[in-house]
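Visitor: Sequence and computational prediction follow.
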Amino acid sequence: MKFVLKYRSKIILAVVSVFLFSILGTTAAEAAESPNNQSLVRDTNLEKEFSSLLSSQKALYAIENIPDSVVNQGSDAILDWFRNNIDDQSLINDMNAAATELHQSDKPFKTQGVLGCISAVGTALASLAFAPAKLLKIKKAIKALGGVKTFVTKTYQYYNYYKKKYRSKKTAWNKAVSKAASKASPEIKEAIMDFFGITAIVSACIE
């Protein structure tokens, strides 16, 4: 009898252990694949070609994660959230400078404007802060495309393919972004192209 009870106890313990392991394993896998995982997609060759590439990824993660409730509060709240949640002081400085220009000018602001190509990403972020509806549209686009990491990975892959076909880096990059966003609706595709296209990445710095 004692043998049977002891045997059953071992079986129960084994079953419970397997059950707990499966739960923990699933949780760990979900964490690793979480859309909130902000690990940057790295490609050293591309980073040499496009100096603003990593900053662009950080900006996209910020857009992906900013709460709708913050966006609905307007430009000041959006800018403050970006300042507190983007770990790139150079990007924040560029955004702040662009935001100041926007405050002081009544003319439409463009990412190719007075701040030049180096600060194009910060300028793009600042312009979105003053266009909440557009910011929400791009956030929706990122989600529809599987999140920042998935979208950026695909874009890099397509760019490495297209740059072998076209002499122009600008043409290759825009085709790569368009291809990565090909499954999105025209409206969403337009929104993501507007931010992650060649203008936001390198402005007028390359041909």
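Guide: Received, thanks. Here the structure is a predicted model, which means the values were calculated and not measured. Numbers count the residues shown, from 1 in each chain.

Visitor: got a list of contacts for the helix or strand containing residue 159?
Guide: In the assignment (DSSP states H and E), residue 159 maps to helix 148-162. Under the criterion C-beta atoms under 8 Å, 6 or more residues apart in numbering, residues 35, 37-39, 41, 43, 46, 57, 60-61, 64, 142, 145, 171-173, 175-177, 179-181, 192, 196 lie in contact with helix 148-162. Heads up, the C-betas are built off the backbone N, CA and C, glycines and all.

Visitor: Please repeat the previous calculation with a cut-off of 7 Å.
Guide: 37, 39, 41, 43, 46, 57, 60-61, 64, 142, 145, 172-173, 175-177, 179-180 (C-beta atoms under 7 Å, 6 or more residues apart in numbering).

Visitor: Next secondary structure after that helix?
Guide: The helix or strand immediately downstream of helix 148-162 is helix 169-180, counting by DSSP H and E.

Visitor: which one is residue 81 nearest to, not counting chain neighbours?
Guide: residue 70 (4.8 Å; C-beta to C-beta, 6 or more residues apart in numbering).

Visitor: how deep is the one you found tucked in, by neighbour count?
Guide: By the other C-beta atoms under 10 Å criterion, the neighbourhood of residue 70 contains 16 residues.

Visitor: elements contacting the helix or strand harbouring it?
Guide: Residue 70 belongs to helix 68-71 when assigned by DSSP H and E. With contacts taken as 3 or more C-beta pairs under 7 Å, 6 or more residues apart in numbering; DSSP states H and E, helix 68-71 sits against helix 75-85, helix 132-144.

Visitor: how about it: buried residues?
Guide: Neighbour counts using 16 or more other C-beta atoms under 10 Å place 70, 71 of helix 68-71 among the buried residues.

Visitor: contacting residues around it?
Guide: Helix 68-71 has contacts (C-beta under 7 Å, 6+ apart) with 77, 78, 81, 132, 135, 136.

Visitor: From residue 78, how far off is the fourth one?
Guide: So that's residue 132. From residue 132 over to residue 78 the distance is 7 Å, taken as C-beta to C-beta, to the nearest Å.
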